[in-house]
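Asks: Okay, predicted coordinates and the sequence, questions at the end:
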Amino acid sequence: LEFRRVLFRSKRADGSETTFRQLSIEEIDKVIWDPGWGKERITNMIATRPDWCISRQRIWGVPIAVFLCDACEKPIIDPALNRSVVDLFEREGIEAWHSAAAEALLPAEASCADCGGKEFRKETDILDVWFDSGVSWLAVCESDPDLSPAYKAFQAGTASDAGADNAGERVLYQGAAEEPARPVGRDQKAPEGALHRGTTSVAPKGAEKSEGALAPEVLYLEGGDQHRGWFHSSLLTSVALRGRAPYSHVATAGWTLDEQGRAMSKSLGNGVDPVDIADRMGGEIVRLWVASVDFREDMAASETLMQRCAELYKKLRNTFRFLLGNLHGFNPAQDHVSEAESLPLDRYMLARTRDLTEKILDWYKGFEFHRVYHAVNEFAIVDLSAFYLDVLKDRMYTFAPTSHERRSAQTVLWKITEALVRL
């Protein structure tokens, strides 16, 4: 069985004629690819791929629910029969196709429209597993009542009430380093070769600043082999059925390797079990390691690296312990000191915290979690522990509890703590 619409012609949203292959390539141009090499890779694969044979000869998988005439091998084309098979699968699962005889599934008067034959057999081939995963946008996003409103709004390119509360969490296009961040709609344009700030992500061609409510966006995240797999099949099925890509952003993760750069395997015994690490060191250590690496690149994982994360985690906890300990007796509503009345050193640390916050928010928008990790560590260990908090000890321990100087410091400690726990 072949996915025939790949071969012939299709239509754009405006009704103009094009090939299905070309329409798929045009949709690739409207997606943000992170890292940027993913765009060229999937474009080349779509441009050069042959027909898509969606059947496989396997004993497991999703069956191709077709009845074939024993005499002429032609399939029965009957929407009512197809609906009854769908109902059967919904009631009993796909194994019902294998456990029931063809006669039990067909109406008594069934006959072949081509030769008049009365004997039929069930197709034994299964669907290509990439076709299965490639229609997850339809089977999950369009069908799940919790996801459907936002996903259909994404498909239509309109704002969704379901996503209104999370408007600030949208993935935003980042311009060049000197430009402010600006959101990108589906058909907006960005300068040729525009990149995420600090990354190699390719944004849609020609993006202008959008105004008003923004449509939801959809991120697909998987490994680099999925440009020929899930990313690929999802694109083709969605363009065939809906005339557009099923996603607005595609992020590609690297592979997890050992310290020598070797792939982890049972035979080498070089694997790192995150559950074991979490049991011994705590789940936060695993999360901290994940945040410390650039997910776009291949990353090393080992007991030694986890231990380093554990040491940094202890330093962060100690920093927070000092911050919280010195907020004893401080009520922000009553004891807050305005920035204009704060001591110069305190104003300086507020400025440093503000600068860090702005950078981190931009990095989050670009999925640059590793930069957040390193910046927070440097700020906590260098700016705070080794400098500000060290200098502050005399003021905190020797000045009167309600003195202006001590309240000024506590106000800044409170604001720094508030910022860090949210970053």
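Replies: Looks like it came in fine. Numbers count the residues shown, from 1 in each chain.
Asks: Find the helix or strand that Lys415 is a member of.
Replies: Assigned by DSSP states H and E, Lys415 belongs to helix 404-422.
Asks: so where do the strands sit in the stretch 251-400 of the chain?
Replies: Per DSSP state E, counting those that start in this stretch, the stretch 251-400 of the chain carries strands over the ranges 256-257, 299-300.
Asks: err, the stretch 1-150 of the chain, not the other one
Replies: So, for the stretch 1-150 of the chain - with DSSP E, counting those that start in this stretch - the strands run 9-11, 17-19, 32-34, 55-56, 67-69, 120-122, 126-127.
Asks: hmm, back to that, reformat the strands of the stretch 251-400 of the chain as a markdown table; add mean pLDDT, mean neighbour count and distance to Val129.
Replies: In this view, the C-beta of every residue, glycine as well, is placed from N, C-alpha and C. What follows is the strands of the stretch 251-400 of the chain, written out as a markdown table (pLDDT from 0 to 100; neighbours: other CB atoms under 10 Å; distance: least, CB to CB, whole Å):
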| stretch | mean pLDDT | mean neighbour count | distance to Val129 |
| --- | --- | --- | --- |
| strand 256-257 | 86 | 16 | 23 |
| strand 299-300 | 86 | 17 | 27 |
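Asks: how about those strands in a markdown table, adding distance to Asn82?
Replies: As requested, these are exported to a markdown table (distance: least, CB to CB, whole Å):
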| stretch | distance to Asn82 |
| --- | --- |
| strand 256-257 | 43 |
| strand 299-300 | 46 |
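Asks: To Gln307, which of those lies closest?
Replies: strand 299-300 (13.4 Å; CB to CB).
Asks: I'd like to know which elements the closest one is packed against.
Replies: If you count contacts as 3 or more CB pairs under 8 Å, 6 or more residues apart in numbering; DSSP states H and E, strand 299-300 packs onto strand 256-257.
Asks: swap the cut-off to 10 Å and go again
Replies: Here strand 299-300 is seen to pack against strand 256-257, helix 283-292 when contacts are counted using 3 or more CB pairs under 10 Å, 6 or more residues apart in numbering; DSSP states H and E.
Asks: gap between Leu392 and Glu123?
Replies: 75 Å (CB to CB, to the nearest Å).
Asks: low pLDDT regions in this structure?
Replies: Applying pLDDT under 70 to the chain flags the ranges 1-15, 159-214.
Asks: Enumerate every residue touching the residue located most distally from the centre of the chain.
Replies: Relative to the centre of the chain, and counting by CA atoms, centre = their mean, the farthest-placed residue is Gly116 at 51.9 Å. Residues counted as contacts of Gly116 (CB atoms under 10 Å, 6 or more residues apart in numbering) are Cys69, Ala71, Cys72.
Asks: can you list the residues you listed in JSON lines and add neighbour count and distance to His232?
Replies: Below are those laid out as JSON lines (neighbours: other CB atoms under 10 Å; distance: CB to CB, whole Å):
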{"residue": "Cys69", "neighbour count": "21", "distance to His232": "34"}
{"residue": "Ala71", "neighbour count": "14", "distance to His232": "38"}
{"residue": "Cys72", "neighbour count": "13", "distance to His232": "35"}
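Asks: okay if I get these as JSON lines plus distance to Leu350?
Replies: Converted to JSON lines, the contacts of Gly116 look like this (distance: CB to CB, whole Å):
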{"residue": "Cys69", "distance to Leu350": "80"}
{"residue": "Ala71", "distance to Leu350": "84"}
{"residue": "Cys72", "distance to Leu350": "82"}
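Asks: closest to Leu312 among the residues you listed?
Replies: Looking across the contacts of Gly116 and measuring by CB to CB, the closest to Leu312 is Cys69, at 68.4 Å.
Asks: Give me the phi and psi angles of the nearest residue to that closest one once chain neighbours are set aside.
Replies: Nearest non-adjacent residue to Cys69, counting by CB to CB, 6 or more residues apart in numbering: Cys112, 4.1 Å away. Torsion angles at Cys112 (phi, psi; degrees, to the nearest 10) stand at phi -80, psi 130.
Asks: which residues does the nearest residue to Trp289 once chain neighbours are set aside contact?
Replies: In this structure, Trp289 finds its nearest non-sequential neighbour in Cys309, 4.7 Å apart by CB to CB, 6+ apart. For Cys309, the contact set (CB under 10 Å, 6+ apart) comprises Ile277, Met281, Glu284, Ile285, Val286, Arg287, Leu288, Trp289, Val290, Ala291, Ser292, Tyr373.
Asks: measure the fifth one to Asn270 for me?
Replies: By that I understand Val286. Taken as CB to CB, the span from Val286 to Asn270 is 17 Å.
Asks: cool, and the third one?
Replies: In this structure, Glu284 lies at 24 Å from Asn270, with CB to CB as the measure.
Asks: And for the last one?
Replies: For Tyr373, the distance to Asn270 equals 24 Å [CB to CB].
Asks: just the fourth one next, same as before
Replies: Computed as CB to CB, the Ile285 to Asn270 distance reads 19 Å.
Asks: next one: the first one
Replies: As for Ile277, its distance to Asn270 is 14 Å (criterion: CB to CB).
Asks: And for Thr402?
Replies: Distance from Thr402 to Asn270, by CB to CB: 59 Å.
Asks: More neighbours: these two, which one.
Replies: For Thr402 versus Asn270, the count of surrounding residues by other CB atoms under 10 Å is larger for Asn270: 16 against 10.
Asks: Find the nearest non-adjacent residue to the more buried one, please.
Replies: Using CB to CB, 6+ apart and skipping the chain neighbours, the partner closest in space to Asn270 is Asp258 (4.2 Å).
Asks: got the contact list for the one you found?
Replies: Met264, Ser265, Leu268, Gly269, Asn270, Gly271, Val272, Ala300, Ala301, Ser302, Leu305 are the contacts of Asp258 under CB under 10 Å, 6+ apart.
Asks: what's the most distant pair in these?
Replies: Of all pairs in the contacts of Asp258, the most separated under CB to CB is Ser265 and Leu305 at 18.3 Å.
Asks: quick one, which of those two is more surrounded?
Replies: Neighbours were counted for Ser265 and for Leu305 using other CB under 10 Å; Leu305 has more, 17 against 10.
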